[in-house]
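1. sharing a model prediction with you, sequence too.
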Amino acid sequence: MLQVYLVRHGETQWNAERRIQGQSDSPLTEKGEQQARQVGERAKALGITHIISSDLGRTRQTAAIIAEACGCEITLDARLRELDMGVLEERHIDSLTSDEEAWRRQLVNGTSDGRIPDGESMQELSDRMHAALAECLELPEGSRPLVVSHGMALGCLVSTILGLPAWAERRLRLRNCSISRIDYQQSPWLASGWVVETAGDVSHLDAPALDELQR
Ligand SMILES: O=C(O)[C@H](O)COP(=O)(O)O
């Protein structure tokens, strides 16, 4: 049975400052680098064989730290990027006008085709994340891949595997450097296809980051 580990990147400067990143970027904080090292230790113990990462800077930085610990090659895949948040990228979450806040809420509270101006819909995000995930099925027998991506992108993947709408990802707390696991199984009794084993595990982190709303 193929097991795929899903890791959100380590804490970044803008995560700590509550600024919207989307496909814009900011570097890992010192804490984010430490979190990535702790994922690296776990990844080594798990016998990870391949690392597949979003091509944004913060995920590449996290993937490089994990790869150093477990000695795997990194493959970059732009389909694993965070949701494109259009004109709201780089903005401080507490600085949004009421119109801007309405765009954001429309996106995360139940409209799969809603989008922030110049941004992407949750459905588009879901489609590209599933297409990237499907490539794990082509890896050689016995592979154990680890995917490094983003909060909304991974939340959308896990939600849709569970049969929930893409926007249900806001109901999942995927903190920086949390690990989720999904398996691809064929079962006569349970679901066949992707199933969720764990979501948002932070037991490998000394001091898990607070999520954005708690900061
Ligand atoms: O700020 C954002 O773009 C998202 O809410 C979180 O994205 P991240 O997982 O890349 O920090």
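-> Okay, I see it. Numbering: from 1, shown residues only.

2. near the ligand, which residues of this protein show up?
-> Along the chain, the residues adjacent to the ligand under the rule Cβ under 6 Å from any ligand atom are Arg8, Asn15, Ile20, Gln21, Gly22, Glu82, Met85, His150, Gly151, Met152. Where you see a C-beta, it was placed from the backbone N, CA and C, and this is true even at glycine.

3. which element is Glu33 on?
-> If you go by DSSP states H and E, Glu33 is part of helix 30-46.

4. helix or strand right after that helix?
-> Past helix 30-46, heading to the C-terminal end, the next element that is a helix or strand (DSSP H and E) is strand 50-53.

5. buried residues in that next one, which are they?
-> Buried residues in strand 50-53, defined by neighbour count with 16 or more other Cβ atoms under 10 Å: His50, Ile51, Ile52, Ser53.

6. the last one contacts Ala153, correct?
-> No: with contacts defined as Cβ atoms under 8 Å, Ser53 does not count as touching Ala153, sitting 11.7 Å away.

7. between these two, what contacts are shared?
-> When Cβ atoms under 8 Å, 6 or more residues apart in numbering defines a contact, the residues bordering Ser53 and Ala153 alike are Leu80.

8. hey, where'd the helices end up in this protein?
-> Applying DSSP state H to the chain gives helices spanning 13-17, 30-46, 57-70, 98-108, 122-134, 151-161.

9. which of the ones you listed comes out lowest on mean pLDDT?
-> Taking each of the helices of the chain in turn, the one with the lowest mean pLDDT is helix 98-108, at a mean of 82.

10. now that helix against helix 151-161, angle please.
-> Per axes from the mean of the first three to the mean of the last three Cα atoms, to 10 degrees, the angle that helix 98-108 makes with helix 151-161 is 40 degrees.

11. show residues contacting helix 98-108.
-> Where contact means Cβ under 8 Å, 6+ apart, the residues beyond helix 98-108 that reach it are 88, 91, 96, 114-117, 119, 121-122, 167, 169-170.

12. now those: which count as buried?
-> Leu88, Arg91, Leu96, Gly114, Arg115, Ile116, Gly119, Ser121, Met122, Trp167, Glu169, Arg170.
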